Every structure is written in C-alpha cells, then in structure tokens.
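Turn this into a structure:
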Amino acid sequence: MNRWLGLACLLLTAGPAAAAPLKAAVFDFQFSNLSPVPTDAADAARLKRVSAELRALLERKGLYIVISTDPVRAAVAKSADLRRCNGCADDFARELGADVAITGEVQKVSNLILNLNVYVKPLTGDAPERAYSVDLRGNTDESFDRGIRFLVENTMGAGK
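Next comes the predicted model:
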C-alpha cells in the first residue's frame, strides 16, 4: 500500500512534460535598403553573420530545432524577396520538413538607423505569423551582434 502511495505522489509532483521544440527553417536575412547609401560588401557580410547568430541563439536557447536550408538555397536565391513572394518561404520550409518558417529582414534607413526584423510563421494550424523587431543605431558589427542577442533573449525567448 505504501508503495502505491509513493508512486501516486511522484506522478502528481512530476507535472506535465515539456513539448519538444518545433523544427524551424531559418532563412538568411535579406536586406531592404531604404537609404541613399548603396549596399556594400560589409552589409552583405553582416547579414551572413547575423543569420548564423540567429540560428545559433535559437538552438542554444532551446526555442527551435534549426534545420538546414542548404537543400533549397539555390531556389531561394532565384526567388523574389522572401517577405513579398506570396508564401514562397513557407513552401520552401514545408519542402524541408519544418514546422515553422523563419525569415529575417534588415531595413536600412541610413547608416545610423536600421531595423532588424524576424518573422516566425507556423506552417500548420491557424496561429498567426509573429513579428519581432529591434532598432539598431549604427551600421556596425557590434550593433548587429547586440541587436540579434537582444531580440532573441528579450522578445523571442522571453520566459524561457
């Protein structure tokens, strides 16, 4: 009898099991240059770095299981802007077996004012797309690094 009471107590205190993280296709950030300053190699390098850092932070924080987008990289490069292509990012993500499509965009207003935006689109159910944004001051590696860390830690990962 005592054994059954112990088992019942253990089951009651265990609580619900945590759901496994969803699989995410995290596409490279794209650039929306609204400034009179042309895009240069440093801008392209920052997009590449911030894309890799977003993937690493999402996995490290346990928010998503990041799956490789390499199998669709060439098709993505040929497509229009992932934010304005009528769901092509969702189609690419489904092709990869993802649960969510994550796209990113950097809006450059000037070399002083930039916005780093991340969009998370669930591929099943009726959940709406979620948008996360952080303003950057300065078009530097340091501002991009701080911005993506803040965005993941304080908005996307709040409470985890």
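
List the neighbours of the helix or strand harbouring residue 145 that are in contact with it.
Using DSSP states H and E, the element containing residue 145 is helix 141-151. Contacts with helix 141-151, where a contact means Cβ atoms under 8 Å, 6 or more residues apart in numbering, come from 46, 49-50, 53-54, 57, 114, 116, 118, 132-137. (Glycine included, C-beta is placed from N, CA and C.)

swap the cut-off to 10 Å and go again
Helix 141-151 is contacted from outside by 29, 42-43, 45-47, 49-54, 56-57, 104, 106, 112, 114-118, 132-138, 140, 157, using Cβ atoms under 10 Å, 6 or more residues apart in numbering.

Would you mind checking the average pLDDT for it?
The pLDDT scores in helix 141-151 average 96.

swap in stretch 57-64?
95.

Alpha carbons of that stretch, in CSV - could you do that?
What follows is stretch 57-64, C-alpha atoms only, in CSV (Å, rounded to 0.1, in the frame of the first residue of the first chain):
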residue,chain,number,x,y,z
LEU,A,57,20.9,31.5,-30.5
LEU,A,58,17.5,29.8,-31.3
GLU,A,59,19.1,26.4,-30.8
ARG,A,60,21.1,27.4,-27.7
LYS,A,61,18.0,28.8,-26.1
GLY,A,62,16.1,25.7,-27.0
LEU,A,63,13.4,27.7,-28.8
TYR,A,64,13.6,25.6,-32.1
